[in-house]
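Student: how would this look folded up:
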Amino acid sequence: MGQERRGGLASLGQAMRSWRTASVSLLSFSSGLPLGLVWIAIPDWMRGIGLDIRVVGLITLAQAPWTFKVLWSPLMDRYRPPFLGRRRGWAALAQVALFAFTLMLAGVGHHPDTPWVVAALALAIAFASATQDIAIDAYAVDVLRPEEQGVAVGARIALYRAAMFIAGGLSITLAGMYSWPLVNVGLALVYLPMLAITWAAPEPPHTPPPPPSLRDAIWQPFLGFLSRHRALEILAFVLLYKFADNLAQALTRPFLVDMGYNEFDRGVALASVGLVATLVGTFAGGFMTTMLGLGHSLWLFGFLQIFSNVGYVLVAGSPVDRVLMYAATGFESLTSGMGTGAFSVLLLRLTQKRFSATQYALFSSLFGLPRLLSGPVSGFLVDAVGWQTFYWCTIASGIPGMLLLARFVPLGTREPVFTVEPPHQRLPLSATALALRGVLGAVVAASIAAVLSATLEALKTLRTTPEHGFDLVTPLLTMLRPVDVAGWLGLVGLVAVAAICGLFVAAVAAARHGAGVELDDEA
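Tutor: Prediction:
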């Protein structure tokens with residue numbers, strides 16, 4: 001154990017001195033800037049000039065490219081720009097686009113007659129930003145050594161959050177003191193040093209060849225991962241590891257309101273104590289993953305983030321107690337950050353370098369899915385059982401993730417190894433058989449997604465207008481016959497889910513019949 005600890009400390013010191021770690025971390029600052037601008041600053045700016053709140057709501061749909069970025073990630077695995085390599089080249093192109101689009105914002109938005117120009121630029125910024133995220137995430141997978149990943153994860157998230165704050169909250173303050181054109185020019189200029197970092201960042205020493213065709217760039221990332229040992233259990237773990245956290249955090253603000261805490265208390269707990277604790281926890285999680293090993297860290301931080309919800313159980317059962325509430329919020333945020341640090345290292349390890357753009361985009365989408373679903377689930381669960389029982393339920397919801405962890409990272413394993421599993425059947429399936437399985441999987445997935453979405457909408461309607469009863473047909477028809485931008489985006493999302501699930505089902509069938517062994521990075 002002492003030898004392992006000394007080895008961990010040596011790896012930590014080496015990682016902190018690495019230009020690979022520094023470049024990956026600094027580039028994450030460039031990822032956070034457009035997110036803060038589009039998510040926070042632009043809606044505030046548009047409402048501040050008197051734009052109708054309904055139009056402001058439509059402008060927020062410009063965030064869609066971050067949700068759908070997996071759709072064009074195969075292009076970035078397949079094609080290579082003529083300069084700076086496959087990853088840095090795409091990142092540089094995206095940064096040039098971000099510089100240009102953000103600069104264009106300087107001349108518009110003073111009057112309510114320009115909102116659609118701002119909306120179009122916001123959408124363009126979001127698309128360029130999502131493209132940059134794909135490239136930078138793939139670059140991190142390709143260039144970082146295993147001993148550098150933990151340190152890089154902590155630094156990346158901290159710099160990402162700092163950039164979001166600068167482009168979001170700080171920009172709003174500075175725009176009030178000066179003007180939005182000046183603020184937007186300043187934000188645009190920040191991309192120039194980011195472009196210099198991209199140019200100076202080291203190229204990965206051993207880069208696998210790109211997929212030979214666009215078809216392979218779409219198909220092989222699924223096949224390459226699903227041919228690994230216990231691949232389906234790993235995917236289930238990716239969905240469930242943070243589920244207890246997602247449920248607990250989904251309704252923290254209304255929980256504190258119901259418990260009698262005022263605006264000041266909630267602001268301190270969530271915007272100050274919670275934010276600092278999350279950043280410290282992510283830093284600590286990344287650093288300790290390097291020292292303890294990925295396997296030990298996933299187990300330790302997994303248990304901590306589950307049982308940290310006991311603090312909310314105590315808050316729910318007590319009168320107003322600010323010290324207890326701050327302690328509970330801080331400890332839950334700290335352990336959540338630690339779990340995120342270790343989990344982010346796992347995603348880097350799971351991603352194959354030749355498909356790092358597509359696979360990491362898929363993993364990050366899966367990682368965000370429970371957070372999307374936890375809000376509606378939490379609301380109905382609290383309504384049924386009350387806050388204290390709800391938080392006990394969140395603790396229980398973390399157990400399946402830990403049971404799945406034991407399947408591919410047994411307790412006591414320092415560094416898990418992910419290998420390709422020899423197929424049980426070696427007779428390959430025909431293209432027709434794979435296509436039929438894929439189509440069936442797509443239809444089933446689309447049906448489930450549509451019914452689930454419609455059910456949530458019907459339950460929401462039932463709570464607001466109970467006299468109408470439980471109506472599942474109307475939201476289903478609305479989904480299939482969209483009449484506005486939000487509806488069309490929902491339909492596009494449904495089609496994307498169906499396509500991805502269809503590819504997934506076909507890839508599972510192919511992997512079980514012997515395909516994908518040759519795609520192992522270690523082979």
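Student: quick one: contacts for residue 102?
Tutor: Residue 102 makes contacts with 34, 37, 125, 184, 187-188, 191, as judged by CB atoms under 8 Å, 6 or more residues apart in numbering. C-beta coordinates here come from the backbone N, C-alpha and C atoms, glycine included.
Student: also residue 70?
Tutor: Residue 70 sits in contact with 358, 361-362, 365, 496, 500, where contact means CB under 8 Å, 6+ apart.
Student: turn these into CSV, including secondary structure.
Tutor: As requested, these are exported to CSV (DSSP: H, G, I helix; E, B strand; the rest coil):
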residue, secondary structure
358, helix
361, helix
362, helix
365, helix
496, helix
500, helix
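Student: among these, which two are most distant?
Tutor: Greatest spacing in the contacts of residue 70, by CB to CB: 358 and 496 (13.5 Å).
Student: and after the helix or strand hosting residue 183, which helix or strand comes next?
Tutor: Here residue 183, judged by DSSP states H and E, is contained in helix 180-200. From helix 180-200 onward toward the C-terminus, using DSSP H and E, the following helix or strand is helix 214-226.
Student: which neighbouring elements make contact with that next one?
Tutor: helix 73-78, helix 356-385, helix 485-512 (3 or more CB pairs under 8 Å, 6 or more residues apart in numbering; DSSP states H and E).
Student: how about a cut-off of 10 Å?
Tutor: In terms of contacts (3 or more CB pairs under 10 Å, 6 or more residues apart in numbering; DSSP states H and E), helix 214-226 is packed against helix 73-78, helix 231-240, helix 356-385, helix 485-512.
Student: output the first one as CSV, restricted to C-alpha atoms.
Tutor: Yep, that's helix 73-78 we're talking about. Extracted in CSV, the C-alpha atoms of helix 73-78 (Å, rounded to 0.1, in the frame of the first residue of the first chain):
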residue,chain,number,x,y,z
SER,A,73,-19.4,13.7,-34.2
PRO,A,74,-18.7,10.8,-36.7
LEU,A,75,-17.7,13.5,-39.3
MET,A,76,-15.0,14.6,-37.0
ASP,A,77,-13.7,11.1,-36.5
ARG,A,78,-13.7,10.4,-40.2
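Student: for it, which outside residues touch it?
Tutor: 69, 86-87, 89-91, 94, 130-131, 133-135, 137-138, 210-221, 354-362, 365 (CB atoms under 10 Å, 6 or more residues apart in numbering).
Student: so how do I select the buried members of those residues in ChimeraX?
Tutor: The following ChimeraX line selects those of the contacts of helix 73-78 that are buried, judged by 16 or more other CB atoms under 10 Å:
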select :69,86,87,89,90,91,94,130,131,133,134,135,137,138,210,211,216,217,218,219,220,221,354,355,356,357,358,359,360,361,362,365
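Student: quick one: low-confidence residue ranges for the stretch 151-300 of the chain.
Tutor: For the stretch 151-300 of the chain, no stretch is flagged by pLDDT under 70.
Student: now the helices for the stretch 401-523 of the chain?
Tutor: 431-464, 473-480, 485-512 (DSSP state H, counting those that start in this stretch).
Student: so which of these gets nearest residue 174?
Tutor: helix 485-512 (30.5 Å).
Student: tell me what that closest one is packed against?
Tutor: Short answer (3+ CB pairs under 10 Å, 6+ apart): helix 485-512 packs on helix 53-59, helix 64-68, helix 214-226, helix 231-240, helix 356-385, helix 431-464, helix 473-480.
Student: just name the most buried of the ones you listed.
Tutor: Of all the helices and strands packed on helix 485-512, helix 214-226 carries the top mean neighbour count, a mean of 21, counting by mean count of other CB atoms under 10 Å.
Student: angles on the backbone of residue 228, please.
Tutor: Phi and psi for residue 228, reported as degrees, to the nearest 10, are phi -80, psi 160.
Student: that one contacts residue 408, correct?
Tutor: Yes. The criterion here is CB atoms under 10 Å, and residue 228 meets it with residue 408 at 9.2 Å.
Student: intersection of neighbour lists for the two?
Tutor: Contacts common to residue 228 and residue 408, judged by CB under 10 Å, 6+ apart, are 234, 418.
Student: quick one: contacts of stretch 401-414?
Tutor: In contact with stretch 401-414 (CB under 10 Å, 6+ apart) are residues 4, 7-8, 228-245, 292-299, 302-303, 305-306, 346, 370, 415-418.
Student: residue 268 and residue 277 touch, don't they?
Tutor: No. Using CB under 10 Å, residue 268 is not in contact with residue 277; the gap is 11.9 Å.
Student: now for the two: what residues contact both?
Tutor: Joint contacts of residue 268 and residue 277 (CB under 10 Å, 6+ apart) are 326, 329.
Student: for these two, indicate the residue with more neighbours.
Tutor: Taking neighbours as other CB atoms under 10 Å, residue 268 and residue 277 compare with residue 277 leading, 22 against 16.
Student: the more buried one and residue 256: what is the separation?
Tutor: Between residue 277 and residue 256 the distance is 15 Å, computed by CB to CB, to the nearest Å.
Student: and the closest residue in space to residue 320 that isn't next to it in sequence, what does it touch?
Tutor: Once flanking residues are discounted, residue 320 sits nearest to residue 260: 4.8 Å by CB to CB, 6 or more residues apart in numbering. If you count contacts by CB under 10 Å, 6+ apart, residue 260 has them with 319-320, 325.
Student: which among those count as buried?
Tutor: residue 325.
Student: pick the one among the contacts of residue 260 closest to residue 116.
Tutor: residue 325 (43.8 Å).
Student: tell me who's in contact with the closest one.
Tutor: 255-256, 259-261, 265-266, 268-269, 273, 311-312, 314-315, 318.
Student: about what we covered before: can you lay out the contacts of residue 70 as a markdown table showing distance to residue 450?
Tutor: Output for those, formatted as a markdown table (distance: CB to CB, whole Å):
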| residue | distance to residue 450 |
| --- | --- |
| 358 | 25 |
| 361 | 23 |
| 362 | 21 |
| 365 | 18 |
| 496 | 13 |
| 500 | 15 |
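Student: can I get those residues in TSV including distance to residue 81 and pLDDT?
Tutor: Supplementary listing: the contacts of residue 70 in TSV, determined by distance: CB to CB, whole Å; pLDDT from 0 to 100:
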residue	distance to residue 81	pLDDT
358	17	86
361	18	86
362	22	82
365	24	77
496	25	78
500	26	78
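Student: what does the model give residue 12 for pLDDT?
Tutor: At residue 12, the model reports a pLDDT of 51.
Student: ditto for residue 17
Tutor: In this prediction residue 17 is given a pLDDT of 67.
Student: what do you get for residue 127?
Tutor: pLDDT, residue 127: 91.
Student: spatially, what comes nearest to it if we skip its sequence neighbours?
Tutor: residue 65 (4.4 Å).
Student: from residue 428, how far off is the one you found?
Tutor: The value you get for residue 65 to residue 428, if CB to CB is used, is 37 Å.
Student: state the mean pLDDT of stretch 412-426.
Tutor: The model assigns stretch 412-426 a mean pLDDT of 68.
Student: quick one on the thing from earlier: as TSV, the helices of the stretch 401-523 of the chain with distance to residue 144 would be great.
Tutor: Below are these laid out as TSV (distance: least, CB to CB, whole Å):
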stretch	distance to residue 144
helix 431-464	33
helix 473-480	41
helix 485-512	26
